[in-house]
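> sequence plus predicted model, see below.
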Amino acid sequence: MAEFDDEQSLPQSIKLPGAVEVFANLKNAQLFAIDIGLSLTKIAYYSKVSYRKGLYENAGLGNSGERAYKVFEGNRLHFVKFETRHFESCLNFVKENLVHAERFQGKSTKVTGGGAFKYTPLLQEKLGLLIDKEDELSCLIKGCNFLLKNISCEAFEFERHGSPEYKFQKATPNIFPYMLVNIGSGVSILKVDSEKQFERVGGTATGGGTFWGLGSLLTKAKGFDELLQLAERGDHRNIDMLVKDIYGGDYKLQGLPGELIASSFGKAMSCNNNPEPHQFSEADIARSLLFTISNDIGQIASLYASMHNMDKVYFGGYFLRNHPLSMHSISYSIKYWSHGKVKPLFLRHEGYLCAIGAFLYGAEQSDKFSWLENYAGSSGFKDSISTKLGIQVDQLEIDQAENAVTFCPLLSDPSSYNPDTMDLAQDKEARDYWLQCFEESVDKFVARAIHSQPQSPTAKDRASKLKEKYINRLHYLHLQPFAYGTLTVRTLLDTIEHCMKEFDFPDPYLHQKKIENENALKHLPDRISALDKLEGAEKIKALVLGVLSGNMFDWGAQEVVTLMETTNFGFKEAQEQIPGRPWLQDCLDDWINRLQEDRPHKCAAIFVDNSGVDIVLGILPFARDLLQRGTKVILCANSTPALNDVTYPELVVTLRDAAKVCRVIKKAIKENRLLAMETAQAGPCLDLSRLNLDLCLAMVQHKVDLVVIEGMGRSLHTNLYAKMKCECLKLAVVKNRWLALRLGGDMYAVICKYERPPRKVKTGDLGKIDNGQRKICSTICIEAERNVCICKKLNEEKLTKDMNLSKKGTGEEICELEPRLSSSTDDNDNDNDYNAEDDDPL
Amino acid sequence: MSPHSCKDCLHARLMASNGYSSTAATAPQIENHSPPCESVNSMPWFGMDIGGTLSKLVYFEPKDITRDEADTEVETLKNIRRYLTKNSAYGKTGHRDTHLQMNNVCIRGRRGTLHFIRFPTSEMGNFLALAKSKGMANLVTTVCATGGGAFKFEENFKREVNMNLAKFDELVSLIRGMLYIETTNPHECYYWSYPTEESRCQKVPYDFSDPYPFLLVNIGSGVSILAVYGPDNYKRISGTSLGGGTFLGLCCLLTGCNSFEEAIELATGGDNTRVDKLVKDIYGGDYGPFGLPGDLVASSFLHVYSFGQMNSKDRRNAVTKEDLARATLVTITNNIGSIARMCAVNEKIEKVVFVGNFLRVNPISMKLLAYAMDYWSRGTLKALFLEHEGYFGAVGCLLQYNGQTS
């Protein structure tokens, strides 16, 4: 990728971002796409983001100044949204800030939106771009598909004054079919069956344009947003004729409540009657107008949905802007008219759909990667940023993930999988605690970040900006818990990592980790020989205790950090902190039974947590024991650094070093029975719906029948309730007093949760299918509880390709599992796959 | 007085005229606990539909009065009959639609004339005062009433003019009245041929003798949409609050007009394309990918963004009251048409009957609806209209009266 570098020659390409930067990375922007709407314009561009990675192998010991970095380039999508009336000044800004603006001369740029026509000459004049008009609705759908597949918590249900008001939808493996209602000037209703197949099934003339147009005639509000603000204050009951105005109460016979609007604007009918003409308040008019339009759209959408048998409808277009009143009345109307059968869904980034789509049309290869919302660079979904240009903008940044990701193949029901244990948006007590907790701990992170770059003249400055940004974000989340979708400990932790990367603090714990790993390795031979003296249940118990003790060494846990900083806290001390049994969650006996009674596992996937004692003295002996039992082991580590968690490159080195002192490990590595793999995760938590594709394939290939998840982040903040198709062991020490108490335990309470799937289909049965093609398919398909699997009856290459293309494995067919398992020939099997080809619209 | 059960008489006739044997019919009428026939037949006979905007009053003038009857008839009753039938305007706001009058009809075993009178519901106070001044309070009378006002004003009727209201559901009444009038009046049902061509467009009688199933779209202040499968088999499947009240309310705010007639008159002289935004304005011609024709005659009717030009100050300054009234009318009408069409498709019904006072003196809307049904359904849906557009609820409750107050 790029040259090796050291601390002294900080690569010039790395920018020092301000706390909030608009049009970030503009100077090396590539490939513009523009959606010029009647009221809002969205500029999309793509930039190369340079960032450094600390190199574990080259990190010297002793003098902490010796660090080696490698510069990597990542791809980032930027979307900036502003009012169309500022189009020219924004364009000027873009022009001034582009480096080598002339490189865009004559380059083709995708432009879409209602204003594309009008502003084409200006675009050509300013940037010399060749305009390639793209159909608005096609862009809209492409953008919508992209967001639904890549951005977590993109879609939500809204219920005003509900608890919670926002109900975010989890990512599911298949997003189709759905209905998309785009409320622009008019309303277009689209039915989307697959990536490529969609049609406009209808629409209506009364949309945002009607609201705006009539609103401009009836009130003095200037512009769309002022109208919305006006509506916020009004009371439609002063101007609409309600059922009770006609009936004096409810219309009981037809079940129409008195508060229902019988005739919109009905009370305005006699307003000019002499002798007393009636004046209505503009706010009341605006609110009535908003209700009129949004109720109508909701009704029409529900009629189209029932006409086409759709049960979910997404809304997009400039009318909504995530405005609570509009979302409320559309939701109410849809639920009312469809009798609750149709689910109205809104999108956090609805304003960007067309821009994203237009951009993707110009850059087809973007389709092939996985993408991730950058929490550091994106504005919250009801938030605008003031700029030096004097205008308000919203922005969205999406990073290309380094690895393609997909759902973990061992999840028992991917479509209902929710990584997070606690929803902080709903749980006010937890939210207040964690926001406070993160705010208090930020100084420690920042100090560590500065400490990691002792020779950088800018480190302090960057660190203080980082702190400012993160604290601002915490305060903002306090007010707007829904600003980035579901608020969880995971997203808060991820945000720290995004900020660290953004402000060029790659892996602040790198040095610490290296020291700890190497120290721990020195103790590994003793640890192993101590364990080898034990037998049977005692040994298994000691191994689990070892993992738990190792898990104490966590630089993310404040109380432990204090212990580690102030005392000589070692493995032995950690062991003493582990409380006596029974633990808070104690399945140890089941686990011991399992190992002793049943035949060994084929392959275990272990999701590891911290560096040092944890990985070396806890996990490695545990893995070694499994290896000795004849079980293959895949150690799964983060792809990018988070606190002192083990990263993949670090794990590789650590295993190599461990092999030098342990023959079992050495042999297993050589025989390919002990593998290190990366998870594509970049935070201390684990989202099994975005797992590295290669790891997923390996899990299938090696027939993983045991998943071990270690640590608070991975098995407590996330995945505590995750159900797997295979056996699963979750081990963690609760190193947070508040959380421990809340769970009903005390500090250092132990979670030792062992679960077996229901025994309908034995995991061992998988072994019977050994045709190469079947292997992939059937393992992915195991749905032991329901005997239904979701799979594509395709060969491995196709599967890989599809997963690559659609990341979250879209386009599955439902097929029966039983016949597949009992049948031995492929040809027969295929007959059971319904008529996949016939049904597939592609 | 009446030699036979009036209730049976009505139903036998009604059912027979719709092609049903009277035995097959089961009336949803409230059970008859043997009312004295006297009270059933005591005059005057009114049917009243008190809507959100307009109150519709149907008066049955008996023409078969026997000498005995005439002798015993009280003076007040004669006065009332004379007052109602000799005038066509009552007070400032009451009107009798003389062109709708139906002579020689049979109701509850009596022959006579049906008179159709309307006044704004906001004038209910004046109406009651007028009724009182004509001596209504001295008659022990029950008035058949439907619509929301039957509930809202029930107390007022009792207090001011000593009238009991026999209340009936407005949707049942609507269907009853509509079926009765349609079978009684030979030219009741019609459609518009060539609705987009000024010169060829005309009303054409429609044979509604095989009506079921049909969609009944009642456009009053708001809109109710019923699927009707038989004389007593219907359901309210949808509705919208964007109805006649919305049209008039918006027109009053936008143009300063004062009445429905005025609003319609303004709309007749206006051009909505100066207010709405046409698809072709935006896309400069055909909008190909989704089959929206940019330059069809249709586009000026259907492919618009209602009020889409009005966010521009210049455009706002350039439009007239007439244009705004027209745009309001077109917007409301198209919206109703669009909802009605989808309901028809969802219910698999091909005949859509539009009624309600929104259509009174409003050929623009009727032609738009006719065109929209035909265009969007590619000819499979038919928009039908009825001459007594707004009076069916009032007629229906008059027909249903069996002597009891409910």
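It's in.
> just to check, residue B:242 is in contact with residue A:291?
No - assessed by Cβ atoms under 8 Å, residue B:242 is found out of contact with residue A:291, at 10.6 Å. Placement of C-beta: from N, CA and C, glycine included.
> neighbour count winner among these two?
residue B:242 (28 against 24; other Cβ atoms under 10 Å in any protein chain shown).
> can you pull the pLDDT of the more buried one?
Residue B:242 is assigned 97 on the pLDDT scale.
> same deal with residue B:299?
pLDDT for residue B:299: 42.
> again, but for residue A:30
78.
> dump the residue contacts of the nearest residue to it once chain neighbours are set aside.
Computed as Cβ to Cβ, 6 or more residues apart in numbering or on different chains, the closest residue to residue A:30 that is not its neighbour in sequence is residue A:46, at 5.1 Å. Contact partners of residue A:46, counting by Cβ atoms under 8 Å, 6 or more residues apart in numbering or on different chains, are A:29, A:30, A:31, A:75, A:76, A:77, A:78, A:359, A:363, A:366.
> chain A contacts on the stretch 1-150 of chain B?
Within the stretch 1-150 of chain B, the positions adjacent to chain A are B:51, B:52, B:53, B:120, B:122, B:147, B:148, B:149 by Cβ under 8 Å from any Cβ of the partner chain.
> please indicate which of those are buried?
B:51, B:52, B:53, B:120, B:147, B:148, B:149 (16 or more other Cβ atoms under 10 Å in any protein chain shown).
> and of those, the nearest to chain A?
Nearest to chain A among these, counting by Cβ to the nearest Cβ, is residue B:148 at 3.2 Å.
> the residue nearest to the closest one when sequence neighbours are not counted: what secondary structure?
The shortest distance from residue B:148 to any non-neighbouring residue, by Cβ to Cβ, 6+ apart, is to residue A:246 (3.2 Å). For residue A:246, the assignment made with DSSP: H, G, I helix; E, B strand; the rest coil gives helix.
> quick one: contacts for residue A:246?
Under the criterion of Cβ under 8 Å, 6+ apart, the neighbours of residue A:246 are A:262, B:51, B:52, B:147, B:148, B:149, B:152, B:221.
> my read is that the fifth one contacts residue B:53, right?
No - contact status for residue B:148 versus residue B:53: not in contact, 10.7 Å apart, counting by Cβ under 8 Å.
> tally of neighbours for residue A:440?
With other Cβ under 10 Å as criterion, residue A:440 counts 10.
> which SSE is it in?
In this structure, residue A:440 sits in helix A:428-452 according to DSSP states H and E.
> do residue A:70 as well
strand A:68-83.
> quick check: next helix or strand after that strand?
Moving toward the C-terminus from strand A:68-83, the first helix or strand encountered (DSSP H and E) is helix A:87-97.
> can I get that next one in PDB, CA atoms only?
Presented in PDB, the C-alpha positions along helix A:87-97 are these (Å, rounded to 0.1, in the frame of the first residue of the first chain):
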ATOM      1  CA  PHE A  87     -26.000  25.800  -4.500                       C
ATOM      2  CA  GLU A  88     -23.700  28.400  -6.100                       C
ATOM      3  CA  SER A  89     -21.800  29.300  -3.000                       C
ATOM      4  CA  CYS A  90     -21.200  25.600  -2.200                       C
ATOM      5  CA  LEU A  91     -20.100  25.000  -5.700                       C
ATOM      6  CA  ASN A  92     -17.600  27.800  -5.400                       C
ATOM      7  CA  PHE A  93     -16.400  26.400  -2.100                       C
ATOM      8  CA  VAL A  94     -15.900  23.000  -3.800                       C
ATOM      9  CA  LYS A  95     -14.000  24.600  -6.600                       C
ATOM     10  CA  GLU A  96     -11.700  26.600  -4.400                       C
ATOM     11  CA  ASN A  97     -10.800  23.600  -2.300                       C
END
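> pLDDT on that helix, on average?
Rounded mean pLDDT across helix A:87-97 is 84.
> same question for stretch A:173-182.
92.
> skip the chain neighbours and tell me the closest residue to the residue nearest in space to the middle of chain A.
Nearest to the geometric centre of chain A sits residue A:152, at 3.3 Å (Cα atoms, centre = their mean). The shortest distance from residue A:152 to any non-neighbouring residue, by Cβ to Cβ, 6+ apart, is to residue A:171 (5.7 Å).
> what sits against that neighbour?
By Cβ under 8 Å, 6+ apart, the residues touching residue A:171 are A:148, A:149, A:152, A:689, A:690, A:808.
> tell me the secondary structure at residue A:579.
Quick answer, by three-state DSSP: residue A:579 is coil.
> check contacts around it.
Here residue A:579 is in contact with A:746, A:748, A:749, A:750 (criterion: Cβ under 8 Å, 6+ apart).
> which one of the residues you listed is nearest chain B?
residue A:749 (56.7 Å).
> the closest one contacts residue A:740, correct?
Yes - between residue A:749 and residue A:740 there is a contact under Cβ under 8 Å: 4.6 Å.
> any shared contact partners between those two?
With Cβ under 8 Å, 6+ apart, residue A:749 and residue A:740 have common neighbours A:584, A:734.
> neighbour count: those two, which is higher?
Neighbour comparison, residue A:749 and residue A:740: the larger count goes to residue A:749, with 22 against 18 (by other Cβ under 10 Å).
> the more buried one: what's it in contact with?
Contacts of residue A:749 (Cβ under 8 Å, 6+ apart): A:579, A:583, A:584, A:733, A:734, A:740, A:743.
> bridged to it, which residues?
residue A:734 (DSSP bridges).
> quick check: bridge partners of residue B:227?
Here residue B:227, judged by DSSP bridges, has bridge partners residue B:215, residue B:235.
> return the helix or strand in the chain with minimum mean pLDDT.
Picked chain A for this. Lowest by mean pLDDT, DSSP states H and E among the helices and strands of chain A is helix A:818-822, with a mean of 27.
> what ranges of chain A fall below the confidence cut-off?
Within chain A, the stretches with pLDDT under 70 are A:1-22, A:58-67, A:99, A:101, A:274-275, A:364-367, A:381-390, A:759-842.
> next: the stretch 151-300 of chain B.
B:279-300.
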